[in-house]
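[1] Predicted model and sequence follow; I will ask about them next.
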Amino acid sequence: MPDAKGRRIALGCEGSANKLGIGIIAHDPVTGEALVLSNVRDTFVSPPGTGFLPKDTARHHRAYFVRVAKKALALSGVSISEIDCICYTKGPGMGGPLTSVAVGARTLALLWGKELVGVNHCVGHIEMGRAITGASNPVVLYVSGGNTQVIAYAEQRYRIFGETLDIAVGNCLDRFARTLEISNDPAPGYNIEQLAKQGGRVLLDLPYAVKGMDCSFSGILGRADDLAAQMKAGEPGPDGEPFTPADLCFSLQETVFAMLVEITERAMAHVGSNQVLIVGGVGCNERLQEMMGAMAAERGGSVYATDERFCIDNGIMIAHAGLLAYETGFRTPLEESTCTQRFRTDEVFVKWRD
């Protein structure tokens with residue numbers, strides 16, 4: 001039931017990858033405003049040169065779930081009785097971490113006598129991005145470690161216009177960070193971005209793999225790995241001069257981001273939109289925002305993006321999307337509160353939008 005101020009309140013639990021996030025949000029029924037009450041996150045960081053394994057990540061989420069939930073509740077200033085529903089990430093994501101957080105969400109729902117709402121991770125990113133930036137009906141570029149999609153809304157679905165054919169762009173960057181043995185703290189993609197700012201003396205030749213509205217990143221990663229091996233062996237670059245890890249990071253970013261700008265622009269032309277909303281962890285990258293901004297400006301449009309509080313996986317986006325669905329009457333019965341590693345963005349019926 002609404003709190004003393006007439007607001008609906010939801011607690012959201014996210015854990016599809018290495019970020020465990022729990023957030024609490026309130027919706028004002030009069031103004032329609034979404035108010036972030038708390039947004040707490042704890043990240044599993046693996047050693048340099050390694051990725052995060054599902055079993056280790058799931059163990060982290062189980063170990064930290066209670067303390068993150070307690071902190072989120074304390075910071076929000078609301079009581080358990082004021083919370084209307086518990087929202088959790090149903091998918092897509094890594095099986096072990098998803099299941100760990102789903103069990104935690106079910107436990108809260110049973111302990112507190114609340115209803116559950118399963119949320120599509122991708123839709124959570126989109127709706128949080130729309131709420132924070134005020135973008136009304138943008139073409140969405142969703143770029144993260146597990147997903148790369150160009151999306152536009154039509155007839156109560158988020159339609160996928162283009163996507164990766166193999167690995168996600170964030171996975172490409174993360175895996176190359178492993179090749180260079182770059183630190184995973186705070187995030188491998190962030191550290192690649194900082195290194196790339198020091199490069200630019202030479203743009204190394206990498207495959208440019210755009211196929212219609214889709215992209216492919218595995219071949220680019222393979223070629224970048226080859227160049228890294230040449231660099232470590234002391235071999236010169238194409239201009240006969242030595243090249244550095246910074247040059248490699250710069251070249252990789254410029255190439256993959258140019259591909260993303262191209263397919264996004266094509267989607268904008270197709271749907272007649274002049275707005276681009278960038279969501280997902282890679283959306284924090286300032287160079288991607290800059291390149292997308294230049295393209296949008298040429299079309300008389302604008303780019304919307306959020307900072308790391310909302311770009312990177314978080315519980316508040318799950319709370320927000322879940323509460324939007326809850327307000328339309330959607331519920332997830334306990335016996336159906338499962339997880340799935342494959343949950344397409346366009347499978348969700350977006351009843352809360354016209």
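    Right, received. Where do you want to start? Numbering: from 1, shown residues only.

[2] Can you give the contact residues for stretch 286-293?
    Defining contact as C-beta atoms under 8 Å, 6 or more residues apart in numbering, one finds that stretch 286-293 is touched by 141, 143, 193, 196-197, 253-254, 257-258, 260-261, 264, 276, 278, 282-283, 302-303, 305. Any C-beta I mention is one placed from the backbone N, CA and C, and that applies to glycine too.

[3] Just the buried residues from those, in PyMOL please.
    In PyMOL syntax, the buried subset of the contacts of stretch 286-293 is picked out as below (16 or more other C-beta atoms under 10 Å):
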select buried, resi 141+143+193+196+253+254+257+260+261+264+276+278+282+283+303+305
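
[4] In helices, which of the contacts of stretch 286-293 appear?
    Using DSSP state H, the subset of these located in helices is Glu193, Ala196, Gln253, Glu254, Phe257, Ala258, Leu260, Val261, Thr264.

[5] Could I get the contacting residues of Ile220?
    Cys172, Leu206, Pro207, Ala209, Leu252, Thr255, Val256 are the contacts of Ile220 under C-beta under 8 Å, 6+ apart.

[6] could you dump the ones in helices among the contacts of stretch 286-293 to JSON lines with distance to Glu327 and pLDDT?
    Shown next, in JSON lines, are those (distance: C-beta to C-beta, whole Å; pLDDT from 0 to 100):
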{"residue": "Glu193", "distance to Glu327": "37", "pLDDT": "98"}
{"residue": "Ala196", "distance to Glu327": "42", "pLDDT": "98"}
{"residue": "Gln253", "distance to Glu327": "40", "pLDDT": "98"}
{"residue": "Glu254", "distance to Glu327": "43", "pLDDT": "98"}
{"residue": "Phe257", "distance to Glu327": "37", "pLDDT": "98"}
{"residue": "Ala258", "distance to Glu327": "40", "pLDDT": "98"}
{"residue": "Leu260", "distance to Glu327": "33", "pLDDT": "98"}
{"residue": "Val261", "distance to Glu327": "36", "pLDDT": "98"}
{"residue": "Thr264", "distance to Glu327": "31", "pLDDT": "98"}
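
[7] now, the most widely separated pair of these?
    Ala196 and Thr264 (20.1 Å; C-beta to C-beta).

[8] what's the pLDDT at the closest residue to Ile278 other than its chain neighbours?
    Using C-beta to C-beta, 6 or more residues apart in numbering and skipping residues adjacent in sequence, the residue nearest Ile278 is Ala305, 4.5 Å away. Ala305 is assigned 97 on the pLDDT scale.

[9] same thing with Gly234?
    Checking the pLDDT column for Gly234, the value is 93.

[10] Alright, that wraps it up for me.
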